[in-house]
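> Just to be clear, the model below is a prediction. Sequence and coordinates:
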There are 2 protein chains.
Amino acid sequence: MRAPAHRQVDSVFVALADPTRRRVVETLARGGTVTASGLAAQLPMTRQAVAKHLSALRGAELVSVMRIGRETHYKLRPQPLDEAAHWIQMVSAEWDDRLEALRRSLEKRGSRPR
Amino acid sequence: MRAPAHRQVDSVFVALADPTRRRVVETLARGGTVTASGLAAQLPMTRQAVAKHLSALRGAELVSVMRIGRETHYKLRPQPLDEAAHWIQMVSAEWDDRLEALRRSLEKRGSRPR
DNA sequence: CTTAACTGCAACCGGTCGGTTGCGCGACCT
DNA sequence: AGGTCGCGCAACCGACCGGTTGCAGTTAAG
C-alpha cells in the first residue's frame, strides 16, 4: 500500500533543503494559496525562479496545483511533511532505545555487588 | 536561549537531503560509532567520499568526532534532528490551526439559523 | 627501524542546481 | 479587434556537489 515511502522521503528532504522553498512552505502554511508572480513580488528573485521552486515542491507533492483562468494557484499539501517527520521520529526512537538499553545494562551491572 | 535555531535548521535539512547521509544516520542511530574506512567497506564508494559525507554531518553537528589512536570514530548527536522535526511540527501546527479556524467559521455560519 | 594501516588535504571532473533572459501562448480587459 | 497580464518552456551561465585520484602525515605493528 504505501511501499514507496522511501522514494518519497528523499524528494521531500531535497525540497526542504532550500531556504527559499522552506520559506514558501511556511508562507503556505499560514495563508491559503499563492501564485508564482505573487510570490516573486515578495522575494528577491524572478518569477521563473519562483516557478522552478514551486515546481520542485510540486515534484515532492508538497503543494497541489489549481489553475484559475490565467493564474496558477499553489496550496500546501502537508502529508509528505509527516513522512519526513516520521523518518526523523524513527531514527530518534532507535537512538533512544539504544540509550535505554545501555542504561539498563549499566544499572544491572552497577547493582551487582562486586 | 536558542536563538540561532534558524541558521542551524538549514544545514540539517541540507545534510539530510542526501540518501547516503541519511543511511549513515540510520546506521549511527542503531549502532554505536563508525569510522570512515569501516563505512566505506559497506558502501559502494571510496573512503574519501564517505569522509566528505561525515564531514558534512559534522558541519550540521549531527555527529560528534572522537579520535582514538589512528582511527576517527563518529557518533550520532541527535539534537539537531529535533530542531528539524520542530520546524516541521511548527509548519504543520500552523496549517492545522488554519484548518481549525476555517472549520469553526463554517460551523458558526452554519449554526446561525435563517 | 621499517612497514602497514588510517587518516586529512588538495586538485580535478562531470553533473546538477539556483538563477537569469528570451520567447510564445492562452486568458482577460477595454 | 488590440493590448497586456500571467504563465510555461528552453537555453544559457556560474557555482556547488558528489565522487575520484594522488599524496603526505601520524600511529600501530613486524
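Structure received.
> rest of the way, CA atoms for contacts and neighbours
Noted.
> the longest helix in chain A is where?
Longest helix of chain A, by residue count under DSSP state H: helix A:79-111.
> Can you list the buried residues in that one?
A:80-81, A:83-85, A:87-88, A:91-92, A:94-95, A:98 (16 or more other C-alpha atoms under 10 Å in any protein chain shown).
> and which of these is nearest to DNA strand D?
The closest of the buried residues of helix A:79-111 to DNA strand D turns out to be A:Ala84 (C-alpha to the nearest atom of the strand; 17.6 Å).
> contacting residues around the closest one?
A:Ala84 makes contacts with A:9, A:12-13, as judged by C-alpha atoms under 8 Å, 6 or more residues apart in numbering or on different chains.
> Just put those residues in CSV and tack on neighbour count.
Below are the contacts of A:Ala84 laid out as CSV (neighbours: other C-alpha atoms under 10 Å in any protein chain shown):
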residue, neighbour count
A:Val9, 22
A:Val12, 22
A:Phe13, 24
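> helix, strand or coil for the residue in chain A that DNA strand D sits nearest to?
Closest contact between chain A and DNA strand D, by C-alpha to the nearest atom of the strand, is at A:Ser37 (3.6 Å). Of the three states, A:Ser37 takes helix under DSSP: H, G, I helix; E, B strand; the rest coil.
> returning to that earlier point: tell me the one of the buried residues of helix A:79-111 nearest chain B?
A:Trp95 (4.7 Å; C-alpha to the nearest C-alpha).
> What sits closest to that closest one if chain neighbours are left out?
Distances taken as C-alpha to C-alpha, 6 or more residues apart in numbering or on different chains put B:Ala29 closest to A:Trp95, at 4.7 Å, once the chain neighbours are dropped.
> what's the neighbour count on the one you found?
24 (other C-alpha atoms under 10 Å in any protein chain shown).
> what does the host helix or strand of A:Val65 rub up against?
Assigned by DSSP states H and E, A:Val65 belongs to strand A:63-68. The contact list for strand A:63-68 (C-alpha under 8 Å, 6+ apart) reads A:54, A:57-58, A:72-78.
> Try it again at 6 Å.
A:72-77 (C-alpha atoms under 6 Å, 6 or more residues apart in numbering or on different chains).
> What does the spatially closest residue to A:Val25 that is not a sequence neighbour show for phi and psi?
Excluding the flanking residues, the one nearest A:Val25 by C-alpha to C-alpha, 6+ apart is A:Leu76, at 7.1 Å. Dihedral angles of A:Leu76 (phi, psi; degrees, to the nearest 10) stand at phi -70, psi 150.
> now A:Thr33
Torsion angles at A:Thr33 (phi, psi; degrees, to the nearest 10) stand at phi -130, psi 170.
> Quick check: A:Pro44 is in a strand.
No: under three-state DSSP, A:Pro44 sits outside any strand and is assigned coil.
> What's the per-residue pLDDT of it here?
We have a pLDDT of 97 for A:Pro44.
> residues in contact with it?
Contact partners of A:Pro44, counting by C-alpha under 6 Å, 6+ apart, are absent.
> Relative to B:Arg70, how far out is it?
According to C-alpha to C-alpha, to the nearest Å, A:Pro44 stands 48 Å off from B:Arg70.
> Tell me the spacing between the residue most central in space within chain A and B:Leu39.
Centroid check for chain A by C-alpha atoms, centre = their mean gives A:Leu81 as the closest residue, at 4.0 Å. From A:Leu81 across to B:Leu39, the span is 29 Å (C-alpha to C-alpha).
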